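Engineer: Please work out how this folds:
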Amino acid sequence: MIYIVRRVQVYLDDYLYHTLHARARTQKTSVSELVREAVRERYLGKQDERKKAMEEFVGIRKESAESSDAAAYVRRLRRGNRLDRLHKA
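Structural biologist: The predicted structure follows:
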């Protein structure tokens, strides 16, 4: 997997910097990682929420009869005149 990162410069006031620095020391991580984590949570949503949503999505069509034999389903879709199928929709 190719992982591309971009460097961003952020200006922090002394209070915020010292707060982040102290938190980074207690968590044995870097200020940069704390900032990345905060940005991910704020703009991408919490990781546990994303994971739960993905788990709910996976297998959403399991109950469907069509999913039991995917190859047969695709063959049925390809059978016949495609233009006729388009007009039926």
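
Engineer: Please make it C-alpha for all contacts and neighbour counts, starting now.
Structural biologist: Will do.

Engineer: Kindly provide the distance from Glu37 to Ala72.
Structural biologist: Distance check for Glu37 against Ala72: by C-alpha to C-alpha, to the nearest Å, it reads 45 Å.

Engineer: Could you check how far the spatially most central residue of the chain is from Glu41?
Structural biologist: Against the mean C-alpha coordinate of the chain, by C-alpha atoms, centre = their mean, the closest residue is Arg50 at 6.3 Å. Using C-alpha to C-alpha, we find Arg50 at a distance of 10 Å from Glu41.

Engineer: do Val8 as well
Structural biologist: Distance of Val8 to Glu41, computed by C-alpha to C-alpha: 18 Å.

Engineer: Looking at those two, which has the bigger crowd around it?
Structural biologist: Glu41 (14 against 5; other C-alpha atoms under 10 Å).

Engineer: Go ahead and confirm the more buried one touches Asp48.
Structural biologist: No - judged on C-alpha atoms under 8 Å, Glu41 makes no contact with Asp48 at a distance of 9.9 Å.

Engineer: Fine by me, thanks again.
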